[in-house]
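*Asks:* Got a predicted structure plus its sequence, pasted below:
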Amino acid sequence: MKFAALLAISAAPLLAVPALAQDRDPSKDFNGPYISVGGGASLQGSDRGETLTFDTNRDGTYGDPVNTSGGTDAFAPGFCNGAATGTANSGCRNDKDGPEFFGRLGYDRRMGNFVLGAVVEGGHSAARDSVSGFSTTPASYTMSREADYQANARLRAGYTPGGGALFYVTGGGAYARLDNKFTTSNTANSFADNGKTNGWGYAAGGGAEVMVTNNISVGLEYLYTDIKDKDYVVNVGAGTAPPTNPFLLNGGGTDIQRSNAHFRTHSVRGAISYRF
């Protein structure tokens with residue numbers, strides 16, 4: 001239901017195209033450079049089964065158990081997909097969907113009814129992705145990430161049935177400057193992280209574009225983006241905790257990462273373009 005509503009909102013520019021194109025020459029559509037601005041919504045997919053992973057001896061290999069001095073699992077209460085709402089594993093807030101906006105530079109080359117082009121795009125999305133773990137103390141530990149800004153460079157290929165409208169697919173490389181945050185209710189240990197990181201991946205999707213005048217077009221697009229970041233780490237130290245603290249038993253500290261390095265979003269967006 002939410003996806004359908006956002007699709008309807010993003011499609012509004014297409015539905016509101018005025019009858020200004022009667023003097024156009026369709027043979028010149030979708031050929032040459034253009035600039036676009038637009039916006040829409042970024043939706044979070046399901047990250048079922050994501051956890052926190054631990055490197056208890058800091059040898060660079062994650063997947064170590066965090067055990068109490070009695071040999072039991074300190075994270076026996078488990079994990080959840082989202083931001084913790086308390087110190088016990090009683091549920092988490094869902095990942096946050098959010099608005100996005102972007103600017104775009106592109107160039108199309110029309111060959112008959114076929115169009116090949118390239119796009120460079122940059123913008124911002126407010127979507128946030130979180131995962132939480134719970135220890136037996138009890139305490140909660142939450143990692144969250146969102147993109148301060150993101151960019152991609154894509155090719156696109158499409159078909160225009162005589163001009164006036166273009167239907168296309170697109171894909172290419174993507175980059176994001178990720179803003180990572182860590183929160184915990186544990187006040188005994190010390191925690192330090194490396195904050196913002198760089199993520200790389202790809203973007204792919206498709207859409208439709210309609211000419212309004214000789215120079216102006218409006219469009220609707222779906223884009224799937226997959227950014228991978230394995231650089232974010234939280235370092236757990238002693239703080240005021242005793243040597244028997246589960247994070248300290250195997251050498252004086254533990255590093256924490258997310259089990260899933262992928263930050264994935266589904267975007268539904270509208271755009272208006274000026275063609276030179």
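*Replies:* That came through fine.

*Asks:* Strands of the stretch 151-276 of the chain, residue ranges please.
*Replies:* Along the stretch 151-276 of the chain, counting by DSSP state E, counting those that start in this stretch, strands occupy 165-184, 190-193, 197-211, 216-228, 234-237, 254-258, 262-275.

*Asks:* got the buried residues for the first one?
*Replies:* Of the residues in strand 165-184, 165-166, 168, 170-172, 174-176, 178, 180-182, 184 count as buried by neighbour count, 16 or more other CB atoms under 10 Å. Just so you know, the C-beta spots here come from the backbone N, C-alpha and C atoms, and that holds for glycine as well.

*Asks:* closest to residue 119 among these?
*Replies:* residue 170 (6.8 Å; CB to CB).

*Asks:* Nearest spatial neighbour of that closest one, chain-adjacent residues omitted?
*Replies:* The shortest distance from residue 170 to any non-neighbouring residue, by CB to CB, 6 or more residues apart in numbering, is to residue 156 (3.9 Å).

*Asks:* OK, contacts around the one you found?
*Replies:* Residues in contact with residue 156, defined by CB atoms under 8 Å, 6 or more residues apart in numbering, are 106, 115, 116, 117, 118, 119, 168, 169, 170, 171.

*Asks:* mind redoing it with 6 Å?
*Replies:* 117, 168, 170 (CB atoms under 6 Å, 6 or more residues apart in numbering).

*Asks:* Just the pLDDT for it.
*Replies:* Note on residue 156: pLDDT of 97.

*Asks:* From residue 27, how far out is it?
*Replies:* According to CB to CB, to the nearest Å, residue 156 stands 20 Å off from residue 27.

*Asks:* likewise residue 220?
*Replies:* Between residue 220 and residue 27 the computed distance is 24 Å (CB to CB).

*Asks:* cool, residue 64 as well?
*Replies:* For residue 64, the distance to residue 27 equals 65 Å [CB to CB].

*Asks:* So between those two, which is more surrounded?
*Replies:* In this view residue 64 and residue 27 are compared by other CB atoms under 10 Å, and residue 64 has more residues nearby, 16 against 9.

*Asks:* The more buried one sits in which helix or strand?
*Replies:* Element membership of residue 64 [criterion: DSSP states H and E] is none; it lies in no helix or strand.

*Asks:* show me the contacts for it.
*Replies:* Taking CB under 6 Å, 6+ apart, one finds 54, 55, 56 in contact with residue 64.

*Asks:* In contact with the first one, which residues?
*Replies:* Counting by CB under 6 Å, 6+ apart, residue 54 touches 64, 66, 254, 256.

*Asks:* With distance to residue 269 and pLDDT as new columns, can these be given to me in CSV?
*Replies:* Formatted as CSV, those follow (distance: CB to CB, whole Å; pLDDT from 0 to 100):
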residue, distance to residue 269, pLDDT
64, 42, 96
66, 42, 97
254, 41, 97
256, 34, 98
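
*Asks:* mind listing the helices in the chain by residue range?
*Replies:* Under the criterion DSSP state H, helices of the chain are mapped to 2-15.

*Asks:* Where in it is the helix or strand with the lowest mean pLDDT?
*Replies:* helix 2-15 (a mean of 48; mean pLDDT, DSSP states H and E).

*Asks:* is it possible to export the strands of the stretch 151-276 of the chain to TSV including distance to residue 146?
*Replies:* Supplementary listing: the strands of the stretch 151-276 of the chain in TSV, determined by distance: least, CB to CB, whole Å:
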stretch	distance to residue 146
strand 165-184	6
strand 190-193	15
strand 197-211	11
strand 216-228	11
strand 234-237	17
strand 254-258	14
strand 262-275	8
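
*Asks:* Nearest to residue 48, out of those?
*Replies:* Nearest to residue 48 among the strands of the stretch 151-276 of the chain is strand 262-275 (12.4 Å), distances taken as CB to CB.
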